[in-house]
Each structure stands twice: as structure tokens, then as C-alpha cells.
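Peer 1: coords below, sequence missing:
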């Protein structure tokens, strides 16, 4: 028995016939171009829905846009980044744009592969979340396609940026812990030696904010350098617990780091905040879970994503506009993981 003939793909000609309009009219509606009346747009949209017409992305790209946005995440395991993504998708929900994800794996080579693949596929714009690539690479990407960078504090004439005031966020944590009576406050940071990233990345600015706040209160800083991962938090806490004088409070540079700290404390038979107070950064969804109840800095991930998508849409419409940096002010959400020092 011969194989059944696959159904023919619906074309713009089919839509025009069904709506009883010209193919030019259908094209105008698809492109959102001037010259199509509300009545014509309604007829064409109805025909598209009834026929199940899907325009080829490649063909749309040849006409100027693919209505796709690429979002690069550094690590899909960090629960903060999906909150930024939620803000991006919510802003784009009322548009024709669809979001495609790629992971940079916290490495320059992987980031280059992801961004180049997105550019090669004709995406209309990119949102790069906490990229570790050099300024030169980011500016080459932005020269090829409208780009918004999230989490890099340096300004550029090539791309827009959205950041949190990480120095202030760190100070909020230290001030809170000092107010509870803590004097031995340790910080677990993400280790980096690249001069540009040290000047621009959130982890470096949080560590700098911690140092400044500790000096302001007349205290000695105590920093352990690992990574912004669960394992990094676990290793950092193990190092701190091995000391003769253990800190009474730990400021983890990210909530995912705090989860590793909690594991290490539990294995050591210590509880939070009875033995050691713990604060994180990001105010992710699990920080509010009752068994965890983590004091954490809220940097409004959804608001960051919303601003990033807004800036990208504006950049797509006007490549010549001046670049903009949006800096959001964080707040501290106090929960049960912090309390007065033991003893």
C-alpha cells in the first residue's frame, strides 16, 4: 500500500483566497504594516486561525524580522534566573515575539557558541543574563543584533544594561546582622580574577559592598571565595566551620549558595539561626518556603526581566537610540534564618 500523501502546508495564497483579499493585504497584516484597515485585519486573522496558517520563520526573516528573541542564561540550575525569564516573557506576551533559550554554562567559549547560533538563526534581539564574556565580544554581538545585557554594571555605547544595586544589597545584609548583634560575619563570594568582570559582575560588587559595610561598622571582613553554586556554598561553609573561631553569621552571595551552606550546617549538627545566622541574595521562591525561611535580598527578578524586554523592544525599533542603564534598588526580606548570636 502506498504511503499516504502528507498534507500540504497552508500558504499565504490560501489565506488570501479564504479571506477574499489579495496576498498583498495578507502580507501587510502579517508584517503589521500601514494600510490595512481594522476590518481587513480581522478577516485575515480569522482566515489564519481557521486554516491553521503558520508563516515560515525563514521567510519572515527575509522580510525583515523573525519575531524571535534569544535569551542566554548562565546556569539553568540557579532558581533566580527563571524569575528574570518570567519578567521577559510577561513583557513579550502581548507581542508576536517568541523566546528561545540557550545556556552559556558560565564560560566564554560556550557563550560565544550560543550567541553566534542565535545570530545565525536571524533572531531579532538578544537578552544576555550575567554573561562572563569580554566587553569586546558583547559589543560585537550588539553590533550584529539588538542586545540587552543583564547584570553587568559597565556601560557601553553598543548595548543597554539592567542591573541591581549590588553594593547596597550587601550593605542591607550586613546592617541587618549587625543590628542583631553579630560581629563575626563571613561572606561566601564567587571567585573571579578577570579585571573587567571584577569591576562589572554582581558577585564582585556584592563582595565590595560587604567589605565597605564591615569597615563602616568597624568590623573585620572575612571572605571565602568559591562559586555561586550549591557546591560552592557547601564548600565555603565547610571551610568556615573548620576554623577555630567560627562566624556567628554567614552572608551567602546568592540563594543557591545558601542552600549549600544549609546542607553543610545540617551535616555538622548545627541549626539556623540557633547556632549560625544565614542570609542569602535573590529572594528566590524557595527562600520563602516555611522549612527554609531564608532572609534574603530581593532584587526583583521579574522587574529586571521586564525592563530588559522593554529596552530590547525599543532597541529593535530604533537601533540608533542612545544606550540606557536601568539600576534597580533592592530590599531585604527578613525571615527566620537570621537571629541574635548564640550564647
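Peer 2: Now that the structure is in, tell me what you want to look at. From a predicted model like this one, the values you see are computed outputs, not experimental measurements.
Peer 1: what comes into contact with stretch 252-261?
Peer 2: The contact list for stretch 252-261 (C-beta atoms under 8 Å, 6 or more residues apart in numbering) reads 77-80, 187-190, 203, 206-207, 226, 228-237, 250, 278-284, 286-287, 294, 296, 337. Placement of C-beta: from N, CA and C, glycine included.
Peer 1: what's the average pLDDT for it?
Peer 2: For stretch 252-261, mean pLDDT rounds to 97.
Peer 1: Which of the contacts of stretch 252-261 fall in helices?
Peer 2: The members of the contacts of stretch 252-261 that map onto helices under DSSP state H are 80, 203, 206-207, 230-237.
Peer 1: Show me which of those is closest to residue 134.
Peer 2: Ranked by distance to residue 134 (C-beta to C-beta), the ones in helices among the contacts of stretch 252-261 are led by residue 203 at 16.9 Å.
Peer 1: Check which element follows the worst-scoring helix or strand of the chain on mean pLDDT along the chain.
Peer 2: When each helix and strand of the chain is scored by mean pLDDT, DSSP states H and E, helix 57-62 comes last, with a mean of 52. For helix 57-62, the following helix or strand on the C-terminal side (DSSP states H and E) is strand 68-73.
Peer 1: That following strand pairs with which strands?
Peer 2: strand 98-103 (parallel), strand 125-129 (parallel) (DSSP bridges).
Peer 1: what's the most buried one of these?
Peer 2: Ranked by mean neighbour count, the strands paired with strand 68-73 are led by strand 125-129 with a mean of 26 (mean count of other C-beta atoms under 10 Å).
Peer 1: avg pLDDT for it?
Peer 2: For strand 125-129, mean pLDDT is 97.
Peer 1: what do you get for stretch 214-221?
Peer 2: Rounded mean pLDDT across stretch 214-221 is 98.
Peer 1: how distant is it from the center of its chain?
Peer 2: The chain centroid and the centroid of stretch 214-221 are separated by 31 Å under C-alpha atoms, centre = their mean, to the nearest Å.
Peer 1: Distance to residue 309 for the strands paired with strand 68-73 - can I get that in JSON lines?
Peer 2: What follows is these, written out as JSON lines (distance: least, C-beta to C-beta, whole Å):
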{"stretch": "strand 98-103", "distance to residue 309": "9"}
{"stretch": "strand 125-129", "distance to residue 309": "7"}
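Peer 1: To residue 182, which of the ones you listed lies closest?
Peer 2: strand 125-129 (32.4 Å).
Peer 1: Residue 185 contacts residue 246, doesn't it?
Peer 2: No. Between residue 185 and residue 246 there is no contact under C-beta atoms under 8 Å: 11.8 Å.
Peer 1: Who has more neighbours out of these two?
Peer 2: residue 185 (24 against 15; other C-beta atoms under 10 Å).
Peer 1: So what does that one have for phi and psi?
Peer 2: phi -110, psi 120 (degrees, to the nearest 10).
Peer 1: circling back to that earlier point, in ChimeraX, select just the buried ones from the contacts of stretch 252-261.
Peer 2: Here is the ChimeraX command that selects the buried residues among these (16 or more other C-beta atoms under 10 Å):
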select :78,79,80,187,188,189,190,203,206,207,226,228,229,230,232,233,234,235,236,237,250,278,279,280,281,282,283,284,287,294,296,337
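Peer 1: List the contacts of residue 44.
Peer 2: When contacts are counted by C-beta under 8 Å, 6+ apart, residue 44 touches 15, 19, 21, 25-26, 29-30, 36.
Peer 1: Please apply the same query to residue 10.
Peer 2: Residue 10 makes contacts with 51-54, as judged by C-beta under 8 Å, 6+ apart.
Peer 1: any idea which of those has the most stuff around it?
Peer 2: Sorting the contacts of residue 10 by how many neighbours each has (other C-beta under 10 Å) puts residue 53 first, at 18 neighbours.
Peer 1: quick one: what helix or strand has that one in it?
Peer 2: When elements are assigned from DSSP H and E, residue 53 belongs to no helix and no strand.
Peer 1: That one is in contact with residue 30, isn't it?
Peer 2: No. When contacts are counted by C-beta under 8 Å, residue 53 is not listed as touching residue 30 (9.3 Å).
Peer 1: Can you check which residues contact both of the two?
Peer 2: Common contact partners of residue 53 and residue 30 (C-beta under 8 Å, 6+ apart): residue 12.
Peer 1: Closest to residue 119 out of the contacts of residue 44?
Peer 2: Using C-beta to C-beta, the contacts of residue 44 come closest to residue 119 at residue 30, 23.4 Å.
Peer 1: Now do that closest one against residue 41, distance only.
Peer 2: Separation of residue 30 from residue 41 (C-beta to C-beta, to the nearest Å): 10 Å.
Peer 1: Likewise for residue 337?
Peer 2: Using C-beta to C-beta, we find residue 337 at a distance of 54 Å from residue 41.
Peer 1: still on that earlier bit, give me the more crowded residue out of residue 30 and residue 41.
Peer 2: Higher neighbour count among residue 30 and residue 41: residue 30, with 21 against 14, using other C-beta under 10 Å.
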